[in-house]
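coordinates for the following, if possible.
(one chain, ligands or ions: 2)
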Amino acid sequence: MSKLKIAIQKSGRLSEKSIQLIEECGIKLPNGGGKLITESTNFPVEVLFLRDDDIPEYVDQGVADIGVIGENVLLESRKNITIVEKLGFSACRLSLAVPKEIDYPDLAYFNGKKVATSYPNILSDYFEQNDINATIEFISGSVEIAPGIGLAAGICDIVSSGSTLLSNGLKEVEKVMSSQAVLVTSGNLEAEKQAILNKLLFRIRAVQKAKE
Ligand code: PRT
Ligand code: ZN
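Numbering: from 1, shown residues only. Ligands and ions are numbered 1, 2, ... in the order given. Have a look, this model is predicted:
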């Protein structure tokens, strides 16, 4: 019998909630051990633990059947995979921010400026849609320090409470997108796997309903 392969984040902001979701669906996972792949003992699923950025590619290639990622990572990946369910956790937004002392007029402020981000695809689409001509500087982490060290005039990064921006002397000026954790699939599962996914979705919806 085939098993549904679920890719979740190995360690980070989505990990705990992803495992919790699986367990709340009554799916037992053997605990710990630092394994990268594990099987449930009472439901036909296999869980793959990966970096969140790699999940879209794994799902697109069919190495994993479904995955749990933030909408920001999904959109940035530009992969042809679809959301099957919004999961309601790890809510955040992707926003543009500038040094707090800037007298920010509107989006045109970014014309001719450098903006640092880990989300170059989403940001370039956003600038293009809004007719802004800015230079995007890709950095993979600690984006918030870019304006302070003179690398960029502003940044585009994930914000949740806003305290990271504040402590780096920045202020949020535009929201580029809202995000939450979502369940994704490539959309071409074999019948047996689709049936397992349907069963899983039924349980996820029941769990979510119970929380309302
Ligand atoms: O190692 P791996 O690549 O798997 O993990 P990662 O470091 O890329 O991702 P991780 O674990 O930081 O975040 C996973 C996902 O959680 C993101 O893709 C978002 O969808 C979601 N999420 C929710 C967040 C936040 N909230 C968040 N606050 N992702 C990042 N942050 C960071 C942000 O980058 C900034 O540095 O937290 C800081 C801002 O937080 P506040 O509360 O100070 O505003
Ligand atoms: Zn990541």
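
strands of this protein, start to end?
Remark: strands assigned in the chain by DSSP state E are 4-9, 37-39, 45-50, 66-70, 82-86, 92-99, 114-117, 135-138, 154-159, 170-179, 181-185.

avg pLDDT for the second one?
With pLDDT averaged residue by residue, strand 37-39 scores 96.

then the third one?
Throughout strand 45-50, pLDDT has a mean value of 97.

and the longest one, by the same measure?
Strand 170-179 carries an average pLDDT of 98.

do it and ligand 2 meet at all?
No. Using C-beta under 5 Å from the ion, strand 170-179 never reaches ligand 2; the gap is at least 12.9 Å. Bear in mind the C-beta positions are built from the backbone N, C-alpha and C, glycine included.

CA atoms only for that strand, dumped as PDB, please.
Extracted in PDB, the C-alpha atoms of strand 170-179 (Å, rounded to 0.1, in the frame of the first residue of the first chain):
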ATOM      1  CA  LEU A 170      13.300  50.800  10.800                       C
ATOM      2  CA  LYS A 171       9.600  51.400  10.200                       C
ATOM      3  CA  GLU A 172       7.200  49.400   8.100                       C
ATOM      4  CA  VAL A 173       5.900  51.500   5.100                       C
ATOM      5  CA  GLU A 174       4.100  49.100   2.700                       C
ATOM      6  CA  LYS A 175       2.600  45.700   3.000                       C
ATOM      7  CA  VAL A 176       3.600  43.500   0.000                       C
ATOM      8  CA  MET A 177       1.600  40.400   1.000                       C
ATOM      9  CA  SER A 178       0.000  38.600   3.900                       C
ATOM     10  CA  SER A 179       1.100  35.100   4.700                       C
END
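
next, the angle strand 92-99 makes with it.
Strand 170-179 and strand 92-99 are oriented at 160 degrees to each other (axes from the mean of the first three to the mean of the last three C-alpha atoms, to 10 degrees).

so for Gln208, which of the strands of the chain sits nearest?
Closest approach to Gln208 among these (C-beta to C-beta): strand 82-86, 8.5 Å.
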